[in-house]
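# Sequence first, predicted model second:
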Amino acid sequence: MDYMPGAYLTWPYISTQIPVILHKQIPLGELAVDRGAQVIARDGYVGRIDEFLVTAADSHITHLVLREGHLWGQKDITIPVSEIESIDNDGNVHLKLSREEIGELPAIPLSMKK
C-alpha cells in the first residue's frame, strides 16, 4: 500500500502523524476482499464478512467468517473460499451456495471464540 502523510494527532505529551492510504497494490491474478464486504448467496444477501481464517504456513485465506443472528443468538459461520463464485467490482462476494446450504455449514458459537 502507498501511504501519504495525513493529519497530525496531538495529545498533551504525544504528537504523531496519521497515514492516509492512497491505493492498494494487489498482485496480478489476485483478488482483494475487505472485512465488512457483503456476502450474497445464489438466492440473495446473507450478511457481511466478519473475519478471515488463514493458514499459518503461507497466510492464504482458507475461509470467510460470516456473522449471523441477533445480539443474543449470534454465531459465526465459516465459508470455504472454494464456495466463492465471484467477486464484483464493488467488492461484494457472490457464493455458489444458497441460504439453506449456508445454514448447514459449521458454526462457531461466539461464547467459545477467543
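It's in.

# so Ser98 sits right up against Gly44, yeah?
No - assessed by CB atoms under 8 Å, Ser98 is found out of contact with Gly44, at 9.0 Å. (Each C-beta comes from the backbone N, C-alpha and C, glycine too.)

# Who has more neighbours out of the two?
Ser98 (14 against 8; other CB atoms under 10 Å).

# ok, that one to Ile79 distance?
12 Å (CB to CB, to the nearest Å).

# swap in Asp34?
Asp34 sits 16 Å away from Ile79 when distances are taken as CB to CB.

# Mind checking which of the two has more residues around it?
In this view Asp34 and Ile79 are compared by other CB under 10 Å, and Ile79 has more residues nearby, 24 against 11.

# Please, where are all the helices along this protein?
Here the chain has its helices, by DSSP state H, at 99-103.

# for this protein, longest strand please?
In terms of residue count, the longest strand belonging to the chain (DSSP state E) is strand 44-54.

# export that strand as PDB, just CAs?
Presented in PDB, the C-alpha positions along strand 44-54 are these (Å, rounded to 0.1, in the frame of the first residue of the first chain):
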ATOM      1  CA  GLY A  44     -29.900 -13.200  -2.000                       C
ATOM      2  CA  TYR A  45     -28.000 -11.300   0.600                       C
ATOM      3  CA  VAL A  46     -26.800 -13.200   3.700                       C
ATOM      4  CA  GLY A  47     -24.500 -10.900   5.600                       C
ATOM      5  CA  ARG A  48     -21.100  -9.300   5.800                       C
ATOM      6  CA  ILE A  49     -17.600 -10.800   6.200                       C
ATOM      7  CA  ASP A  50     -16.600 -10.500   9.800                       C
ATOM      8  CA  GLU A  51     -13.200 -12.300   9.700                       C
ATOM      9  CA  PHE A  52     -10.900 -14.500   7.700                       C
ATOM     10  CA  LEU A  53      -9.300 -17.800   8.600                       C
ATOM     11  CA  VAL A  54      -5.700 -18.100   7.200                       C
END
